[in-house]
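Asker: I'll drop the sequence and a predicted model, then ask my questions.
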Amino acid sequence: MTLRNRELANLVIVGLLTAIGFASVYIARQAVVSTGSLAYAGFFFALYLAAHLVCRLTVPNADPYLLPMAALLTAVGLTEIYRLDPTDAFRQGLWIVVAVGALAATLFLLQRDYRRLESYKYLCGVAAIALLMLPALPVIGQQVNGARLWVHFGSLQFQPGELAKVLLIVFLAGYLREKREVLAQGRLKDFGPLLVIWGGAMLVLVETNDLGSALLYFGIFLAMLYVATGRLLFIVIGGLLFVGGAAAAYKLIGHVRTRVEIWIDPWPHIHTTGYQITQSLYSIANGGFAGPGLGKGTFTTTSGAQLIPSANTDFIYSAIAQELGLIGAAALLLVFMLFVARGMKVAMLADDGFSKLLAAGLTFSFALQTFIIVGGILRMIPLTGVTLPFVSYGGSSVVANFILLAGLLLISNRSNSVDR
């Protein structure tokens, strides 16, 4: 079976699972299977069939499992969002259409040679900082839950930091590929442009109180630096800098101090700042081993008030864990792990430094973002407001992740084509 036929077969399975998921929600709510559930599943499968056809045209030798796994994660998220709020599910469906369009546009634009992005690495770095600065502007910036993450133009609202993440990874891949040998020698002057771009991004993120993204960017920076140089000393120094910065942030920034306090012991704050995390933990515990099934969880009181605020965004993993139990929550994490494994395989098979660093950076950002949000929900680390990739409700997040997917497909296609 060819790579693309294997991809198509996996997408058919995902389409069937999506139909079963929506049907389960309809049965739990109305005791009947409505044509609406089949319409959602049919629309979803048609959309990914179009994405598959684009892959056949542009990246015929790319990894055959990345797109189906992204489709499965998106299907799980869309099904759970529909279960929580059908209106939000409709909006998310529209954003998935836009995201697949962004995937197709990226593949068509860069199919000849995506490596020309390396020539624009400094432009990508500056553009990333400019995007991160947008939420801090007084007119268009918008503060949500203590952090200025959002930009709104009329009825359009988005998080520019999601796209900035991809641009910053392109800059780091280009610069580290060019300077990897001299950076391995530890010459301070060669770290100048790297630290300026990275430091600018960190300052903007701290200024906007988007500390979850600051942690994400810091981790990406260290991981790519280690991949490029192989120097463990840089990781140790970076870890010490992070500990020092975290201690300073705890003392100086009230928002950080609050998050750390409710991470250490949320129960005294159960009716105030710790309400979300405690309700999330109750939701996960209520799921038990196998869960009651899709559509049968409890997320509102008898009066209609939400038990878990932002359940379809920051806490969608808690909702999934309640309805599908430990088995479903663990299976979802397994899909994330398989996606990361395939992404790292793409990085290992890449035959040039830029491609290898780009694939490693994109994959590590996906992995770290997943850990940050799931770890926060499970109280492994302080809770931060990042999205669960492909699953959480949010247009800018799903669009950025499909661009990330396009990058991995382009790199995989090139390395497999060379091997052939």
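Answerer: Noted; the coordinates are in hand.
Asker: buried residues in the lengthiest helix in the chain?
Answerer: In the chain, taking DSSP state H as the definition, the longest helix is helix 316-349. Buried residues in helix 316-349, defined by neighbour count with 16 or more other Cβ atoms under 10 Å: 316-325, 328-329, 332, 335-336, 339-340, 342-343, 345-347, 349. Using the backbone N, CA and C atoms, a C-beta is placed for each residue, glycine as well.
Asker: name the residues of the following helix or strand past that helix that come out as buried.
Answerer: Using DSSP states H and E, the next helix or strand after helix 316-349 towards the C-terminus is helix 353-377. Judged by neighbour count using 16+ other Cβ under 10 Å, the buried positions of helix 353-377 are 353-374, 376-377.
Asker: what does stretch 230-243 give?
Answerer: Within stretch 230-243, the residues scored as buried using 16+ other Cβ under 10 Å are Phe234, Gly238.
Asker: may I have that stretch as PDB, with CA atoms only?
Answerer: Below are the C-alpha coordinates for stretch 230-243, written out as PDB (Å, rounded to 0.1, in the frame of the first residue of the first chain):
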ATOM      1  CA  GLY A 230      24.800  19.200  21.600                       C
ATOM      2  CA  ARG A 231      26.000  21.200  24.600                       C
ATOM      3  CA  LEU A 232      24.300  20.000  27.800                       C
ATOM      4  CA  LEU A 233      25.900  23.000  29.600                       C
ATOM      5  CA  PHE A 234      23.500  25.300  27.800                       C
ATOM      6  CA  ILE A 235      20.500  23.400  29.200                       C
ATOM      7  CA  VAL A 236      22.000  23.600  32.700                       C
ATOM      8  CA  ILE A 237      22.500  27.400  32.400                       C
ATOM      9  CA  GLY A 238      19.100  27.800  30.900                       C
ATOM     10  CA  GLY A 239      17.500  25.800  33.700                       C
ATOM     11  CA  LEU A 240      19.300  28.000  36.300                       C
ATOM     12  CA  LEU A 241      18.100  31.100  34.500                       C
ATOM     13  CA  PHE A 242      14.600  29.800  34.500                       C
ATOM     14  CA  VAL A 243      14.600  29.100  38.200                       C
END
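Asker: so what's the gap between it and the chain middle?
Answerer: The chain centroid and the centroid of stretch 230-243 are separated by 24 Å under Cα atoms, centre = their mean, to the nearest Å.
Asker: tell me the mean pLDDT over it?
Answerer: The average pLDDT for stretch 230-243 rounds to 78.
Asker: same thing with stretch 66-78?
Answerer: On average, stretch 66-78 scores 94.
Asker: stretch 41-48 too?
Answerer: When pLDDT is averaged over stretch 41-48, the result is 86.
Asker: ditto for stretch 112-121
Answerer: pLDDT averaged over stretch 112-121 gives 90.
Asker: next, the distance between the ends of that stretch.
Answerer: One end of stretch 112-121 to the other measures 18 Å (Cα to Cα, to the nearest Å).
Asker: how about that stretch: buried residues?
Answerer: Tyr114, Arg115, Leu117, Glu118, Lys121.
Asker: to what extent is the residue nearest to the fourth one when sequence neighbours are not counted buried, counted in neighbours?
Answerer: The shortest distance from Glu118 to any residue other than its chain neighbours is 4.2 Å, reached at Gly174 (Cβ to Cβ, 6 or more residues apart in numbering). As a burial measure, Gly174 scores 23 neighbours (other Cβ atoms under 10 Å).
Asker: isn't Gly174 right up against Arg115?
Answerer: No: Gly174 lies out of contact with Arg115 (Cβ atoms under 8 Å); the separation is 9.4 Å.
Asker: in a helix, the residue nearest to Glu118, correct?
Answerer: Yes: when DSSP: H, G, I helix; E, B strand; the rest coil is applied, Gly174 is found to be in a helix.
Asker: just want the most central residue of this protein.
Answerer: Residue closest to the average C-alpha location in the chain (Cα atoms, centre = their mean): Pro389, at 2.9 Å.
Asker: close enough to count as contact, that one and Gly77?
Answerer: No: with contact defined as Cβ under 8 Å, Pro389 does not reach Gly77; the gap is 9.3 Å.
Asker: check contacts around Leu378.
Answerer: Ile284 (Cβ atoms under 8 Å, 6 or more residues apart in numbering).
Asker: again with Thr278
Answerer: Pro266, Trp267, Ile270.
Asker: how about JSON lines for these, with neighbour count and pLDDT added?
Answerer: Formatted as JSON lines, the contacts of Thr278 follow (neighbours: other Cβ atoms under 10 Å; pLDDT from 0 to 100):
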{"residue": "Pro266", "neighbour count": "20", "pLDDT": "88"}
{"residue": "Trp267", "neighbour count": "10", "pLDDT": "88"}
{"residue": "Ile270", "neighbour count": "14", "pLDDT": "85"}
